[in-house]
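S.K.: no sequence on this one, just coordinates:
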């Protein structure tokens, strides 16, 4: 639905205020004339024939006050005072009109003030001619009901204002045409500009004060209809101006009556032609804009078709390339001495002159996965999977990471289920410190998992460079890790493989050290199918960070196992090595099950509350550790909390 233009509404408000001020000044001037018995002020310096009665001037003042308070001021108090002023004018005008129609003297010529016995002074509500009183009835009723909506639409008060405007224009046109009075079966009405002009001003001011009403809204809209409506209004305003020019020329004896009417006809016709040409030019501008927009849309659609054809062609090319690769095995040229890889054109290693060996290449670089992910480079690989950087073929600017299960593991159903479990677990979590999952599927290369591509370093790499973290950076990183793990635990997910290499540190939105927890491949959920994936006798996790209950496959692992792993990780962040660090797996198992964690070196000057919290995480029994990640976070911040 089209709305009114704020710029045009403000312009309409300014016009209303100008007209309102003019009427108020004229009314006050006239009332001052009656109060001081000054003829020039009574006639507004326009001669005896243009005298304005005090009752009429006072009605103008009441209506101007009502319009200002109800149309321009906000608040219930202003609205009530304005309604009282409009009601006084309405009752007085109704009584005066009834007195004229019934030819009965109601004694309405009440003197309010008189300067001397010979002066009529200020009277109200009469005397008032019937045409003037009828005008005030409609005008004051319009102001009394201003803003009133019927069925959500404001039209009642605007109709009353339009009727008042029409009656005033009739009297004004009669005056401009030189007619002294208009007579009907009810009697004759004298034509006077001193009354009709202020009435026209007040009626127009009422309509301009609230132009968003049902009838006048079209005049303040930026639509084509609004523009044409304003052009038509310009033409209507040209008619009284033309009449005024005709009357002025006749009064100054520049031409006779007949020639004056000819001048009026020429002016009206010229105005009509001017408005018609103006409107036609507006229509041309709008049509040109429409054609330009249509042309732009057609060009955009053509460009879209070209892009789609290119994408289809690219996909077809990639598919053909994959088929060609399938026919011939992929090879890589490798030096068996230095293990470096070279282009297929070389026969000998440039470094040690050893003959290069052509070995089978199981890399997916340069291929298309699932017909939509073009593999750009290998990011890393582990015992279970490889991770590649890919580009979405249909969303060219979207760079993602794809994790693919190793081919020798893809034949085992349990491995595929566990891989699918990682996708299901991670996809139902949405947290700024957890890696977001976009897609999962099974393609020719095996089961794959599509996730956010994050460019940064793992915590393991950072610790390799700087050995340990300072307390400020430790606190900033730790709080984010605990926020992410707390969210996972609250959603019934236990990570089971928390270690520095699964903590990615990236720069995001200009903020360094933003944490992403990755690799929920070993995560355990609270669903029955999740429980069935771990069989008796199977161990999962990284030995340096595994909790005692993880070493015992018969023990149920819950969120407190992650708390233990976090204790190992946080200890390493501050000390530079894990709390239990043995070369032998049996010795490592013994330490995790039985040995107390070594105390923090005093030289590091680590606050006591942080030492206490981390050592508490390394308790052998789960019930002796902090029970939630939120509890651990509070303890690290030095806040009092129960374990």
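M.R.: On my side now, so go ahead. None of the values given here were measured: they were computed from a predicted structure. Numbering: from 1, shown residues only.

S.K.: Residue for residue, what is the longest helix this structure has?
M.R.: For the chain, the helix with the greatest residue count under DSSP state H is helix 257-327.

S.K.: Only the buried residues of whatever helix or strand comes next after it, if you could.
M.R.: Sequence order places strand 331-334 as the next helix or strand after helix 257-327, per DSSP states H and E. Of all the residues in strand 331-334, those buried under the rule 16 or more other C-beta atoms under 10 Å are 332-334. The way it works is simple: take the backbone N, C-alpha and C, and place the C-beta from them, glycine included.

S.K.: what distance separates the very next helix or strand once past strand 331-334 from the centre of its chain?
M.R.: Note on strand 331-334: by DSSP H and E, the next helix or strand toward the C-terminus is strand 341-342. The chain centre lies 53 Å from the centre of strand 341-342; the measure is C-alpha atoms, centre = their mean, to the nearest Å.

S.K.: just stretch 243-253 next, same as before
M.R.: Remark: stretch 243-253 is offset 59 Å from the chain centroid, using C-alpha atoms, centre = their mean.

S.K.: Next, the buried residues of that stretch.
M.R.: So, applying 16+ other C-beta under 10 Å, buried residues of stretch 243-253: 243, 246-247, 249-250.

S.K.: Where helices are concerned, which of the residues you listed count?
M.R.: Per DSSP H, those map to helices at 243, 246-247, 249-250.

S.K.: The closest residue to residue 233 other than its chain neighbours and residue 164: what is the separation?
M.R.: Nearest residue to residue 233, sequence neighbours excluded (C-beta to C-beta, 6 or more residues apart in numbering): residue 219, at 6.4 Å. Distance check for residue 219 against residue 164: by C-beta to C-beta, to the nearest Å, it reads 18 Å.

S.K.: same check, this time on residue 252
M.R.: 32 Å.

S.K.: How about residue 194?
M.R.: Taking C-beta to C-beta, one finds residue 194 at 17 Å from residue 164.

S.K.: now do residue 593
M.R.: 98 Å.

S.K.: same thing with residue 564?
M.R.: From residue 564 over to residue 164 (counting by C-beta to C-beta), the distance is 87 Å.

S.K.: The stretch 401-550 of the chain: strands as residue ranges?
M.R.: Ranges of strands in the stretch 401-550 of the chain, per DSSP state E, counting those that start in this stretch, are 437-443, 446-452, 456-458, 503-508, 511-517.

S.K.: Would you format those as JSON lines with mean pLDDT, distance to residue 398 and mean neighbour count included?
M.R.: What follows is those, written out as JSON lines (pLDDT from 0 to 100; distance: least, C-beta to C-beta, whole Å; neighbours: other C-beta atoms under 10 Å):
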{"stretch": "strand 437-443", "mean pLDDT": "84", "distance to residue 398": "9", "mean neighbour count": "16"}
{"stretch": "strand 446-452", "mean pLDDT": "86", "distance to residue 398": "10", "mean neighbour count": "22"}
{"stretch": "strand 456-458", "mean pLDDT": "91", "distance to residue 398": "18", "mean neighbour count": "16"}
{"stretch": "strand 503-508", "mean pLDDT": "90", "distance to residue 398": "17", "mean neighbour count": "18"}
{"stretch": "strand 511-517", "mean pLDDT": "90", "distance to residue 398": "18", "mean neighbour count": "17"}
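
S.K.: now those as CSV including distance to residue 41?
M.R.: Putting the strands of the stretch 401-550 of the chain into CSV (distance: least, C-beta to C-beta, whole Å) gives the following:
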stretch, distance to residue 41
strand 437-443, 83
strand 446-452, 82
strand 456-458, 85
strand 503-508, 77
strand 511-517, 75
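
S.K.: Would you mind telling me which of residue 564 and residue 164 has more residues around it?
M.R.: Ranked by neighbour count (other C-beta atoms under 10 Å), residue 564 and residue 164 place residue 164 first, with 28 against 23.

S.K.: and the more buried one, what element?
M.R.: Per DSSP H and E: helix 156-176 holds residue 164.

S.K.: quick check: angle from that helix to helix 257-327?
M.R.: 140 degrees (axes from the mean of the first three to the mean of the last three C-alpha atoms, to 10 degrees).

S.K.: Could you pull out the buried residues of helix 156-176?
M.R.: 156-165, 167-169, 171-176.

S.K.: which secondary element of this structure has the worst mean pLDDT?
M.R.: helix 528-532 (a mean of 37; mean pLDDT, DSSP states H and E).

S.K.: and the gap between residue 566 and residue 478?
M.R.: 9 Å.

S.K.: go on, residue 10?
M.R.: From residue 10 to residue 478 the distance is 56 Å (C-beta to C-beta).

S.K.: Can you pick out the residue with more neighbours from those two?
M.R.: Neighbours per residue (other C-beta under 10 Å) separate residue 10 from residue 478, with residue 478 holding more: 23 against 10.

S.K.: contacting residues for that one?
M.R.: Contacts here follow C-beta atoms under 8 Å, 6 or more residues apart in numbering; on that basis residue 478 touches 570, 573, 633, 636.

S.K.: Tell me the pLDDT of it.
M.R.: On pLDDT, residue 478 comes in at 96.

S.K.: and residue 350, how many neighbours?
M.R.: Residue 350: 11 neighbours (other C-beta under 10 Å).

S.K.: what residues go with each domain of this structure?
M.R.: The record's domain parsing of the chain by automatic domain parsing lists 6-213, 374-452, 456-636.

S.K.: List just the nearest of the buried residues of strand 331-334 to residue 375.
M.R.: Nearest to residue 375 among these is residue 332, at 15.0 Å by C-beta to C-beta.

S.K.: if we can go back for a sec, ok, so of the contacts of residue 478, who is nearest residue 233?
M.R.: For the contacts of residue 478, the nearest to residue 233 is residue 633 (68.9 Å; C-beta to C-beta).

S.K.: Show me the shaky parts of the stretch 251-400 of the chain.
M.R.: Low-confidence segments of the stretch 251-400 of the chain (pLDDT under 70): 315, 318-331, 359-362, 383, 396.

S.K.: same thing but at 90, please
M.R.: 251-387, 392-398 (pLDDT under 90).

S.K.: residue ranges for the helices of the stretch 401-550 of the chain, please.
M.R.: With helices called from DSSP state H, counting those that start in this stretch, the stretch 401-550 of the chain shows them at 413-427, 459-466, 471-490, 528-532, 548-551.

S.K.: gap between residue 286 and residue 352?
M.R.: 78 Å.
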